[in-house]
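S.K.: Okay, here's the prediction I keep looking at, along with the sequence it came from:
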Amino acid sequence: MIAGHPGTGSEEIVVAGLTKQYGKLRAVDDLSFTVRPGRVTGFLGPNGAGKTTTLRMLLGLVTPTAGRAGFGSRRYVELDQPLRHVGAVLEASSAHRGRTGANHLRVICRAAGVPVSRAAEVLDLVGLTPAANRKFKGYSLGMRQRLGIAAAMVGDPRVLILDEPANGLDPEGIRWMRDLLKMLAAEGRTILVSSHLLSEMQLMADDVVIVAAGRLIRQGPVDDVLGAMAGGAQVRVRTPQPAELTTALTAAGAGVTELPDGALSVTGADPAKVGHTAFAAGVELHELLGERADLEQVFLQLTAGKAEIR
Ligand SMILES: Nc1ncnc2c1ncn2[C@@H]1O[C@H](COP(=O)(O)OP(=O)(O)OP(=O)(O)O)[C@@H](O)[C@H]1O
């Protein structure tokens, strides 16, 4: 393995007040967040949320209208050896169709000033050794994603940035990627991986940064953020005495709404509390059902309204 050359603190991704205006469209809007080393951070938002634009600004491919994005206090162009510091896969990897995976990586090694023996190491890292001498045109989408990661890892970077790497992967492929990213993070690397699917991030990420319409919606450890989102869990309850139960539950601090089918939807109380409140008020129950918040649904609600503001 080749030693990385990180500057002090430059393993942390720092995005501060980042803004990108395209004509009338504010693709990224005063976005601020940090990404820590040693963890896999999911960059989550619906299509068009500004994720790719943010990643491109981070890599110096797009100039911000305002704010900054970089590694510690340094922008990408200010890094001593950018290819050894940051590896990135911005879209489904492309390579010369007639070239083998191994040859493709050797070309990248030479361009990066890295010994060509590194090609075999990164092929091994992504499990492509058996396909090393097959031509790229015969690679499946999953194999192309693996080759993209192998290419990004050529310089043994301290920071790895992946744009929608799980796109088109089957569940087994996603689990494989999760294990690889967790291993790379455990080595102390900073891993930022974008996705528009909450389910992927639930599986892969330790931390999550949620964006919509170019703005930060939530940031934090994935369990905390999802736990807060699930705070909207509801209890469905049916009773022949809805007025009495509503009064008792409201007095107990819960929120109650009547559903079209006559049942009541209760927020701010778990099924045990609803049952106890009914019992104490002498109210008969015919149905009591705790409904876990559908996180994907909550995520859509959280981000959908924002998209309309654009
Ligand atoms: N070069 C550009 N010129 C004009 N508009 C752009 C340009 N690049 C991106 N946009 C617009 O900026 C918005 C954010 O796009 P971006 O690709 O960053 O979103 P995203 O979150 O990565 O979504 P996706 O997953 O669909 O790529 C979109 O409305 C997009 O059409």
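M.R.: In hand now; what should we look at?
S.K.: and Ala166, which of the three is it?
M.R.: Under DSSP: H, G, I helix; E, B strand; the rest coil, the three-state class of Ala166 is coil.
S.K.: again, but for Leu285
M.R.: Applying three-state DSSP: Leu285 is coil.
S.K.: What score does Asp80 have for pLDDT?
M.R.: For Asp80, the pLDDT comes out at 87.
S.K.: what are the phi and psi values for it?
M.R.: Main-chain torsions, Asp80, degrees, to the nearest 10: phi -60, psi -50.
S.K.: ok, now how distant is it from His104?
M.R.: 26 Å (Cβ to Cβ, to the nearest Å). Yep, even glycine has a C-beta here, placed from its N, CA and C like the rest.
S.K.: got it, and Ala185?
M.R.: For Ala185 relative to His104 (Cβ to Cβ), the value is 26 Å.
S.K.: Between the two, point out the one with more neighbours.
M.R.: Between Ala185 and His104, counted using other Cβ atoms under 10 Å, the more crowded position is His104 (23 against 20).
S.K.: Pretty sure Gly98 is one of the things the more buried one touches, is it not?
M.R.: No - using Cβ atoms under 8 Å, His104 is not in contact with Gly98, being 10.4 Å away.
S.K.: Mutual contacts of these two, please.
M.R.: Phe136 (Cβ atoms under 8 Å, 6 or more residues apart in numbering).
S.K.: Against which helices or strands is the helix or strand encompassing Asn103 packed?
M.R.: Applying DSSP states H and E as the criterion places Asn103 in helix 101-112. Here helix 101-112 touches helix 118-125, helix 141-152, going by 3 or more Cβ pairs under 8 Å, 6 or more residues apart in numbering; DSSP states H and E.
S.K.: residue contacts, Lys248?
M.R.: Rather than Lys, residue 248 is Ala. Thr277, Ala278, Ala280, Ala281, Val283.
S.K.: got those residues as a markdown table, with neighbour count columns?
M.R.: Compiled in a markdown table, the contacts of Ala248 are given as follows (neighbours: other Cβ atoms under 10 Å):
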| residue | neighbour count |
| --- | --- |
| Thr277 | 21 |
| Ala278 | 20 |
| Ala280 | 10 |
| Ala281 | 15 |
| Val283 | 20 |
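S.K.: Restricted to helices, list those residues.
M.R.: Members of the contacts of Ala248 lying in helices (criterion: DSSP state H): Thr277, Ala278, Ala280.
S.K.: For the ligand, see how far away the nearest residue to Thr129 once chain neighbours are set aside is.
M.R.: Of all residues not flanking Thr129 in the chain, Leu123 sits nearest, at 5.1 Å (Cβ to Cβ, 6 or more residues apart in numbering). Applying Cβ to the nearest ligand atom, to the nearest Å, the value for Leu123 to the ligand is 28 Å.
S.K.: quick one: Leu123 and His104 touch, right?
M.R.: No - judged on Cβ under 8 Å, Leu123 makes no contact with His104 at a distance of 9.9 Å.
S.K.: Which of the ones in helices among the contacts of Ala248 sits closest to the ligand?
M.R.: Thr277 (43.8 Å; Cβ to the nearest ligand atom).
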